[in-house]
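K.L.:
compute the structure for the input listed below.
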Amino acid sequence: MALTGFTRTGHCVEKHDDKGSHHICIDLSSTSHSGKNFCGVTGQEDWCDDQMPCSDESDEKCPVQHWCVCQWAFAKYIEEAGGCDAIQTIDCNATNLEALKAYEKKAKEGVTDQFSNALNCLKQRCNLDVDVNVAIA
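P.N.:
Numbering: from 1, shown residues only. Here you go, the predicted structure:
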């Protein structure tokens with residue numbers, strides 16, 4: 001499997017220079033209801049089907065499988081795909097809690113339903129029954 005994460009360490013980590021906040025881990029080997037992958041639904045260049053450096057540090061290229069995607073693009077992905085039940089599998093164990101905190105903060109601010117939907121989707125798909133208790137600055 002290809003190395004994932006903003007830092008290519010295999011983990012969705014919080015880094016202050018990661019402006020895209022790549023905190024949501026999606027299993028790109030899974031399929032969505034539309035048959036399109038994350039790239040196809042969000043209109044991004046199709047890196048989802050690319051071969052990238054393998055996690056075993058060899059010189060080989062491997063398929064992208066579990067991949068950390070931008071939490072803001074993920075919110076759009078849910079909307080564009082037709083809802084939480086229509087998206088690819090979320091790797092909940094590899095998803096960073098920072099995404100939940102950001103979505104909860106945006107939802108409390110009432111910025112847009114897109115972030116509330118993303119928050120609810122993560123809670124539903126990952127069987128989370130928690131509030132992150134984020135203070136709004």
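
K.L.:
so what's D85 up against?
P.N.:
By CB atoms under 8 Å, 6 or more residues apart in numbering, the residues touching D85 are H33. Where C-beta positions appear, they are placed from N, C-alpha and C, glycine not excepted.

K.L.:
what do you get if the cut-off is 10 Å, keeping everything else the same?
P.N.:
Residues near D85 by CB atoms under 10 Å, 6 or more residues apart in numbering: S32, H33, I78, C121, Q124, R125.

K.L.:
in a strand, it, correct?
P.N.:
No - going by DSSP: H, G, I helix; E, B strand; the rest coil, the assignment for D85 is helix, not a strand.

K.L.:
what's the neighbour count on the nearest residue to W72 once chain neighbours are set aside?
P.N.:
Nearest residue to W72, sequence neighbours excluded (CB to CB, 6 or more residues apart in numbering): S21, at 6.6 Å. Residues contacting S21 under the criterion other CB atoms under 10 Å number 21.

K.L.:
what ranges do the helices span in this protein?
P.N.:
Under the criterion DSSP state H, the chain contains helices at 38-42, 71-81, 97-109, 113-125.

K.L.:
quick one on the thing from earlier: now, of the contacts of D85, which are buried?
P.N.:
Neighbour counting by 16 or more other CB atoms under 10 Å classes S32, I78, C121 among those as buried.
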